[in-house]
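Engineer: sequence and predicted structure below; questions after.
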Amino acid sequence: MSDRTRTERWWTCTPRDFTGGESFFSRDTGLLCLGFRQLGMDSKAVLLGGPREDDKPWVVRATIQQLRSARWWASQKIEGVVLYAWARPEYTPVAEAIREAGVRLILSQDSGGLVSPVCGVPEWIQDRWRWASRSGLWGPLVFILQIVRGLTWGLATQDLRRLDHLSVADRVAAVSPVALARYQRFFRWFGREDLVGRWGWLPHAVSSGGRCRQGVPRKKKIILSVGRWEDEAQKQPDLLVEVIEKVLESDEDARFIIFGRPTSTMIRWSDALDAQMRDRVEFRGAVDHQSIVAAMEEAKILLVPSSCESFHIAAGEALCCGMSVVAARSPSLPSFSWFVSDGDGTLAPKLCGRALAGALRAEIAAWEEDAREPDAIALRWGQRLHESSVAARVVAGFGNDPPSA
């Protein structure tokens with residue numbers, strides 16, 4: 001470990017009044033803070049609000065006025081901040097205060113990159129429809145309003161303000177290679193070639209608590225799915241059970257474990273299965289994170305039926321546990337083309353039951369033909385995604401970007 005790594009102090013900041021307990025430090029800014037600490041840094045996570053009983057000792061609570069004060073940031077005597085502010089204009093004064101204090105600033109964008117039609121009109125329209133569908137009966141109206149706004153006044157009221165916000169940073173981070181290319185297209189469209197070089201690729205960190213451990217028995221023919229199934233438009237539980245049923249019918253050995261609170265439709269579907277098939281589908285409900293990780297350590301495949309995801313941390317965790325992933329090839333699932341780029345999964349050509357079931361069968365066959373090496377998968381993705389690895393990329397200025405996926 002270099003002297004520079006030991007002496008630098010990198011903090012993270014999320015300008016929200018979030019809990020500062022165990023759950024916060026299991027992902028996003030909290031987990032990245034732990035990654036810096038693993039590198040020997042005195043790293044802290046800055047949050048809004050007053051102290052809470054479950055706050056970790058390295059949580060710093062502040063007011064929004066303090067976060068907008070260059071003097072406050074300068075008094076912390078730190079080298080850099082990774083700020084998660086979603087490029088929202090209301091947080092631009094926070095970013096400006098950090099830079100004015102002489103502190104290096106990285107803005108991390110938890111997004112698939114389709115933030116504007118200038119990033120690619122057809123893909124942007126598809127993505128807007130998928131996100132608008134989460135509004136239920138209001139979905140079509142929300143979709144129309146988003147399209148009209150994005151193609152007209154939104155170019156000024158949204159895109160230019162986003163451009164102003166992002167231009168404050170020393171570096172701006174995208175969570176996937178596809179998202180990176182889209183953001184660079186965004187800057188070039190507005191004639192800001194000078195800002196393109198500030199962009200880099202920085203994935204979300206994944207806890208090193210989950211890994212493919214030596215001495216663990218050979219992985220079993222288990223397929224996992226993890227989701228907030230009540231968010232039906234995004235997580236698509238109906239598609240999930242359709243795919244599971246198709247594979248159950250064609251594969252007598254496959255078993256499925258589903259984490260997350262099941263919907264009433266999922267329960268009725270399970271009850272209607274014949275006994276032999278029902279015995280191979282297990283609903284474990286909402287459980288603690290370690291229970292999911294333990295299941296990942298012995299399972300082979302993660303099935304993701306989602307319609308849209310900016311990154312999908314569960315998929316990153318699965319890869320670090322030596323699993324492979326199955327999802328659809330979609331503009332709204334940009335990280336998955338990277339997740340499978342080394343042959344660590346299969347993407348369906350369309351987001352439908354038949355195609356996704358076909359992709360899952362192909363992935364099962366790949367395991368049975370010994371075309372998947374769990375130890376190699378876990379090693380490859382742990383080096384990319386574990387919290388200390390991601391923190392080290394920050395200190396190194398993001399390192400080398402991966403090939404375009």
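Structural biologist: Looks like it came in fine.
Engineer: longest helix in this protein, please.
Structural biologist: Identified as the longest helix of the chain according to DSSP state H is helix 353-368.
Engineer: what about it, average pLDDT?
Structural biologist: Mean pLDDT, helix 353-368: 98.
Engineer: swap in stretch 134-150?
Structural biologist: 90.
Engineer: hang on, the earlier thing: who's in contact with the longest helix of the chain?
Structural biologist: 219, 221, 223, 239, 242-243, 246-247, 250-251, 254, 300-301, 303, 305, 324, 326-328, 345-349, 372 (Cβ atoms under 8 Å, 6 or more residues apart in numbering). C-beta: built from backbone N, CA, C; applies to glycine.
Engineer: three-state assignment of the most centrally placed residue in the chain?
Structural biologist: Central residue of the chain (Cα atoms, centre = their mean): F311, 2.9 Å from the mean position. Three-state call for F311 (DSSP: H, G, I helix; E, B strand; the rest coil): coil.
Engineer: thinking again about what came up before, so which of the contacts of helix 353-368 sit within helices?
Structural biologist: Secondary structure from DSSP H places 239, 242-243, 246-247, 250 of the contacts of helix 353-368 in helices.
Engineer: just the closest of those to L145, please.
Structural biologist: L239 (26.5 Å; Cβ to Cβ).
Engineer: wait, what's in contact with the residue nearest to the closest one when sequence neighbours are not counted?
Structural biologist: What sits nearest to L239 in space, not counting adjacent residues and going by Cβ to Cβ, 6 or more residues apart in numbering, is P305, at 4.3 Å. With contact taken as Cβ under 8 Å, 6+ apart, P305 is in contact with 225, 227, 235-237, 239-240, 243, 327-328, 356.
Engineer: could you redo the last one with a cut-off of 7 Å?
Structural biologist: 236, 239-240, 243, 356 (Cβ atoms under 7 Å, 6 or more residues apart in numbering).
Engineer: H165 too?
Structural biologist: By Cβ under 7 Å, 6+ apart, H165 lies in contact with 87, 89, 92, 95.
Engineer: please, where are all the strands along the protein?
Structural biologist: 10-14, 45-48, 59-62, 80-83, 104-109, 171-174, 199-201, 222-226, 255-259, 281-285, 301-303, 324-328, 345-348 (DSSP state E).
Engineer: number of nearby residues for the residue nearest to L351 when sequence neighbours are not counted?
Structural biologist: Excluding the flanking residues, the one nearest L351 by Cβ to Cβ, 6+ apart is A328, at 3.9 Å. A328 has 22 neighbours, counted by other Cβ atoms under 10 Å.
Engineer: kindly report the same for R99.
Structural biologist: Applying other Cβ under 10 Å, we find 16 other residues in the vicinity of R99.
Engineer: assess the claim that it and L107 are in contact.
Structural biologist: No: assessed by Cβ atoms under 7 Å, R99 is found out of contact with L107, at 10.6 Å.
Engineer: report the separation between P122 and S337.
Structural biologist: Distance, P122 to S337, by Cβ to Cβ, to the nearest Å: 17 Å.
Engineer: what about those two, which has more around it?
Structural biologist: Comparing P122 with S337 by neighbour count (other Cβ under 10 Å), the higher total belongs to S337, at 17 against 9.
Engineer: and of the contacts of P305, the nearest to A45?
Structural biologist: Distance to A45, by Cβ to Cβ, is smallest for Q236 among those, at 32.7 Å.
Engineer: so what's the closest one up against?
Structural biologist: Each residue near Q236 by Cβ under 7 Å, 6+ apart is listed here: 305-307.
Engineer: ranges for the helices of the stretch 101-250 of the chain?
Structural biologist: Listed in chain order, the helices found in the stretch 101-250 of the chain under DSSP state H, counting those that start in this stretch are 121-132, 139-151, 154, 161-166, 177-189, 193-196, 232-235, 237-250.
Engineer: distance to G30 added to the ones you listed, as JSON lines?
Structural biologist: As requested, those are exported to JSON lines (distance: least, Cβ to Cβ, whole Å):
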{"stretch": "helix 121-132", "distance to G30": "25"}
{"stretch": "helix 139-151", "distance to G30": "31"}
{"stretch": "helix 154", "distance to G30": "32"}
{"stretch": "helix 161-166", "distance to G30": "23"}
{"stretch": "helix 177-189", "distance to G30": "21"}
{"stretch": "helix 193-196", "distance to G30": "29"}
{"stretch": "helix 232-235", "distance to G30": "23"}
{"stretch": "helix 237-250", "distance to G30": "28"}
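Engineer: closest to Q290 out of the ones you listed?
Structural biologist: Using Cβ to Cβ as the measure, helix 232-235 is the one of the helices of the stretch 101-250 of the chain that comes nearest Q290, at 21.8 Å.
Engineer: gap between that closest one and the chain center?
Structural biologist: Computed by Cα atoms, centre = their mean, to the nearest Å, the chain-centroid distance of helix 232-235 equals 16 Å.
Engineer: now stretch 148-165
Structural biologist: Distance of stretch 148-165 from the chain centroid (Cα atoms, centre = their mean) equals 25 Å.
Engineer: buried ones in that stretch?
Structural biologist: 150, 154-155, 158-159, 161-163, 165 (16 or more other Cβ atoms under 10 Å).
Engineer: list the buried residues of stretch 82-97.
Structural biologist: Going by neighbour count (16+ other Cβ under 10 Å), the buried part of stretch 82-97 is 82-87, 91-97.
Engineer: next one: stretch 185-199
Structural biologist: Buried, per 16+ other Cβ under 10 Å, within stretch 185-199: 186-187, 190, 195, 198-199.
Engineer: need the buried residues of stretch 148-165 in a markdown table with distance to S332, can you?
Structural biologist: Below are the buried residues of stretch 148-165 laid out as a markdown table (distance: Cβ to Cβ, whole Å):
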| residue | distance to S332 |
| --- | --- |
| G150 | 15 |
| G154 | 19 |
| L155 | 22 |
| Q158 | 19 |
| D159 | 19 |
| R161 | 24 |
| R162 | 19 |
| L163 | 23 |
| H165 | 23 |
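Engineer: which of those residues sits closest to A45?
Structural biologist: Looking across the buried residues of stretch 148-165 and measuring by Cβ to Cβ, the closest to A45 is H165, at 21.1 Å.
Engineer: how close does the closest one sit to E363?
Structural biologist: In this view, H165 and E363 are 40 Å apart by Cβ to Cβ.
Engineer: could you do V281 as well?
Structural biologist: For V281, the distance to E363 - Cβ to Cβ - is 18 Å.
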